[in-house]
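K.L.:
Okay, here's the prediction I keep looking at, along with the sequence it came from:
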There are 2 protein chains.
Amino acid sequence: MEHVQDLSTMREKINTVRKQGKSIGFVPTMGFLHEGHISLIRAARAQNDYVVVSIFVNPLQFGKGEDYTEYPRDLENDSRLAESAGCDLIFSPAVRDLYPPGYATYVEVLSSVTQGLCGASRSGHFRGVTTVLVKLFNLVKPDRTYFGQKDAQQCLVVKKMLDDLNYNIQFNIMPTVREADGLAMSSRNKYLTPRQRVAASVLYRSLQQVELLIRGGERNGAILKENVRRLITAVPETEIDYIEIMEVDGLKPVEQVKNNCLVALAVKFGSTRLIDNIILEV
Amino acid sequence: MEHVQDLSTMREKINTVRKQGKSIGFVPTMGFLHEGHISLIRAARAQNDYVVVSIFVNPLQFGKGEDYTEYPRDLENDSRLAESAGCDLIFSPAVRDLYPPGYATYVEVLSSVTQGLCGASRSGHFRGVTTVLVKLFNLVKPDRTYFGQKDAQQCLVVKKMLDDLNYNIQFNIMPTVREADGLAMSSRNKYLTPRQRVAASVLYRSLQQVELLIRGGERNGAILKENVRRLITAVPETEIDYIEIMEVDGLKPVEQVKNNCLVALAVKFGSTRLIDNIILEV
């Protein structure tokens, strides 16, 4: 496995791979890899001749007061994990190279897909995501890219951006990978105290509760959300950011569940904000 | 020469050309080709194995009350001219294909380069330009692209966008092509009445006057601009949009001319808005 930081070396590398007629699979990450990322790298390995994993904690997608500086980093362990999952090249550009002084170009999806959920809670977040991804896609020139269902809204935003900007990149969403108690794998789980770690299992329990209620015939969005609110507020050190039930297409909140829907949560455990979601077929 | 409208046909075409190892030169235009465009196509022909010219009147770069619907179109004549200049493929996508219902993604350069001149007069204009160009670059995947110096600010904005978004596309600026009396070639010259056409030569005369004054030692921006203002207002049916003298780097207005500068004009002749500029080495 190779490790590249420099942008022009990366370009040369990709040109060489392209000239060999190899297909390229790309997994963009912020590093501190866990089983969720590994499942994406394995999927890329299975479908492509050459697998690139980027590791870049993107300052542009963090808001003021968010955890950009604290975000966990461990490039050595990431390299070991990525290689064992079949990665051919780790690309870890420097912030000063991707955002040199005077940097001024931004890519933004302006639709209902970016307005609710994390788009409402984290101003500028998705603009940061789509901007860095356009840059990375232009450098890596992949045939296929892989994202995790855990970041459901991000998946919808990135898919929309790729379609709108006429990128010819196959977009693959892989299932959320969970711990034994159901907690979705996330680099931010590292922030949790042991007590908060136990508490955090309420996220997936709440999602399962909504599924049970819907299967049982409950269709009222407000009642479903109130059930989740009660479950979460019963757990110590929690603060709800949002509980939403939305149409999968267009991400508009639903009052009565009629079609397939996304149930999405963002909850703070102490100062650590975690998200989770499920898509329910109705 | 081939002519493609459909996006997926275009993709296949480009994939085939790429697999043959051919370099691609790309001239994006809004059609109604004139000698200015032809010089770009000839330059592309000289430097590339395969030359693509796009013809697309991009609604996103026209403001309310601007000339989107009146903008002149003549695909048949364009094809003839492009072919004779060495074009291999004309790409003329439909508006509904580049901007399908629900289209929502925009690319924007937010710096001093987009703020003054046409950026101030034509709100959203450069956002429309950079957005459609990202789409066209992603479809055509060129090695080199060619723009005219007449649109000086556009050149600076597009170059900035390409650099910031890590496109590996060589950006070439070709000199403004002028009529015998100095009027810069423009598809919009067609709008001028015979009387306005005569009047419009004042643009280049004014730019030459600034050059003469600077060569003669005048360095005061206000005095230089006042000279231009007098020349233009003496001509019937004129309305000045802007007269600016700016640093080439960063496009900030200069009070005292010290370094190389861009002298840029936008003037209405009747309802027809024309632009012109020169870069002066000081």
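P.N.:
Here it is on my side, so go on.
K.L.:
List the contacts of stretch A:223-241.
P.N.:
Residues from elsewhere that reach stretch A:223-241 (Cβ atoms under 8 Å, 6 or more residues apart in numbering or on different chains): A:121, A:195-196, A:199, A:202-203, A:205-206, A:209-210, A:213-214, A:218, A:243-245, A:257, A:263, A:265-270, A:273. No exception for glycine: its C-beta is placed from N, CA and C like everyone else's.
K.L.:
Please type out the ChimeraX selection for whichever of those residues turn out to be buried.
P.N.:
Buried members of the contacts of stretch A:223-241, defined by 16 or more other Cβ atoms under 10 Å in any protein chain shown, are picked up in ChimeraX with:
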select /A:196,199,202,203,206,209,210,213,214,243,244,245,257,263,265,266,267,269,273
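K.L.:
hang on, A:K22 in a helix?
P.N.:
No - assigned with DSSP: H, G, I helix; E, B strand; the rest coil, A:K22 falls outside any helix and is coil.
K.L.:
burial of the residue nearest to it when sequence neighbours are not counted, as a residue count?
P.N.:
Once flanking residues are discounted, A:K22 sits nearest to A:D49: 3.7 Å by Cβ to Cβ, 6 or more residues apart in numbering or on different chains. A count of neighbours around A:D49, defined by other Cβ atoms under 10 Å in any protein chain shown, yields 14.
K.L.:
Same question for A:V95.
P.N.:
12.
K.L.:
With the one 10 residues further on instead?
P.N.:
Other residues within reach of A:T105 by the criterion other Cβ under 10 Å amount to 23.
K.L.:
how near is A:E281 to A:L156?
P.N.:
As judged by Cβ to Cβ, to the nearest Å, A:E281 and A:L156 stand 17 Å apart.
K.L.:
quick one: which of these two has more around it?
P.N.:
Neighbours per residue (other Cβ under 10 Å) separate A:E281 from A:L156, with A:L156 holding more: 24 against 8.
K.L.:
That one is in what secondary structure piece?
P.N.:
Per DSSP states H and E: A:L156 is located in helix A:152-164.
K.L.:
Contacts for whichever helix or strand comes after that helix next, please.
P.N.:
Moving toward the C-terminus from helix A:152-164, the next helix or strand (DSSP H and E) is strand A:170-174. If you take Cβ under 8 Å, 6+ apart as the criterion, strand A:170-174 is touched by A:39-40, A:43, A:47, A:143-149, A:155, A:158-159, A:162.
K.L.:
got a list of what the residue nearest to A:K22 touches?
P.N.:
A:D49 sits next to A:17, A:22-24 when contact means Cβ under 8 Å, 6+ apart.
K.L.:
cutoff 10 Å now
P.N.:
Contact analysis of A:D49 by Cβ atoms under 10 Å, 6 or more residues apart in numbering or on different chains lists A:17, A:20-25, A:88, A:143.
K.L.:
which of those residues tops the neighbour count?
P.N.:
Ranked by the number of neighbours (other Cβ under 10 Å), these place A:G25 first, at 28 neighbours.
K.L.:
domain assignment for chain A?
P.N.:
A:2-174, A:187-276 (automatic domain parsing).
K.L.:
can I get these in a markdown table with distance to B:Q5 and mean pLDDT?
P.N.:
A markdown table is the format used below for the domains of chain A (distance: least, Cβ to Cβ, whole Å; pLDDT from 0 to 100):
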| stretch | distance to B:Q5 | mean pLDDT |
| --- | --- | --- |
| domain A:2-174 | 14 | 97 |
| domain A:187-276 | 28 | 96 |
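K.L.:
Out of those, which is the most enclosed?
P.N.:
domain A:2-174 (a mean of 19; mean count of other Cβ atoms under 10 Å in any protein chain shown).
K.L.:
Tell me how far it lies from the chain's centre.
P.N.:
Taking the mean of its C-alpha atoms, domain A:2-174 sits 10 Å from the chain's own mean (Cα atoms, centre = their mean, to the nearest Å).
K.L.:
just stretch A:177-194 next, same as before
P.N.:
Its chain's C-alpha centre and that of stretch A:177-194 lie 14 Å apart, by Cα atoms, centre = their mean.
K.L.:
measure it end to end?
P.N.:
This stretch, stretch A:177-194, spans 20 Å end to end (Cα to Cα, to the nearest Å).
K.L.:
just the strands in the stretch 51-200 of chain A please.
P.N.:
Under the criterion DSSP state E, counting those that start in this stretch, the stretch 51-200 of chain A contains strands at A:89-91, A:105-109, A:144-148, A:170-174.
K.L.:
Would you mind telling me which of those strands is nearest A:K64?
P.N.:
When the strands of the stretch 51-200 of chain A are compared by Cβ to Cβ, strand A:105-109 sits nearest A:K64, at 17.0 Å.
K.L.:
near chain B at all, that closest one?
P.N.:
Yes - part of strand A:105-109 sits near chain B under the criterion Cβ under 10 Å from any Cβ of the partner chain, namely A:105-109.
K.L.:
same for that strand, what does it pack against?
P.N.:
Here strand A:105-109 touches helix A:125-140, helix A:152-164, strand B:105-109, helix B:125-140, helix B:152-164, going by 3 or more Cβ pairs under 10 Å, 6 or more residues apart in numbering or on different chains; DSSP states H and E.
K.L.:
Put together a markdown table for these, with distance to B:V95 on each row.
P.N.:
Shown next, in a markdown table, are these (distance: least, Cβ to Cβ, whole Å):
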| stretch | distance to B:V95 |
| --- | --- |
| helix A:125-140 | 23 |
| helix A:152-164 | 14 |
| strand B:105-109 | 16 |
| helix B:125-140 | 10 |
| helix B:152-164 | 20 |
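K.L.:
Around chain B, pick out the residues from the stretch 151-282 of chain A.
P.N.:
Proximity of the stretch 151-282 of chain A to chain B is confined to A:157, A:160-169, A:249-250 under the rule Cβ under 10 Å from any Cβ.
K.L.:
so which of the residues you listed comes closest to A:S54?
P.N.:
Nearest to A:S54 among these, counting by Cβ to Cβ, is A:I169 at 14.0 Å.
K.L.:
if I look at the closest one, how far off is B:G65?
P.N.:
38 Å.
K.L.:
Setting aside sequence neighbours, what's the nearest residue to A:H34?
P.N.:
Using Cβ to Cβ, 6+ apart, the nearest residue to A:H34 is A:M185, at 4.4 Å.
K.L.:
err, A:R188, not the other one
P.N.:
A:T272 (5.9 Å).
K.L.:
From what I see, that neighbour and A:T193 are in contact.
P.N.:
Yes - counting by Cβ atoms under 10 Å, A:T272 does reach A:T193; the two are 8.9 Å apart.
K.L.:
still on that earlier bit, quick check: angle from the helix holding A:L156 to helix B:125-140?
P.N.:
Inter-element angle recorded for helix A:152-164 and helix B:125-140: 80 degrees (by axes from the mean of the first three to the mean of the last three Cα atoms, to 10 degrees).
K.L.:
how close does A:I24 sit to chain B?
P.N.:
Counting by Cβ to the nearest Cβ, to the nearest Å, the gap between A:I24 and chain B amounts to 14 Å.
K.L.:
wait, what's in contact with that residue?
P.N.:
Shown in contact with A:I24 (Cβ under 10 Å, 6+ apart): A:14, A:17-18, A:44, A:48-52, A:88-89, A:140-145, A:169.
K.L.:
what do you get for A:V53?
P.N.:
Residues in contact with A:V53, defined by Cβ under 10 Å, 6+ apart, are A:1, A:25-29, A:31, A:33, A:37, A:40-41, A:44, A:78-79, A:81-83, A:85-92, A:140, A:146.
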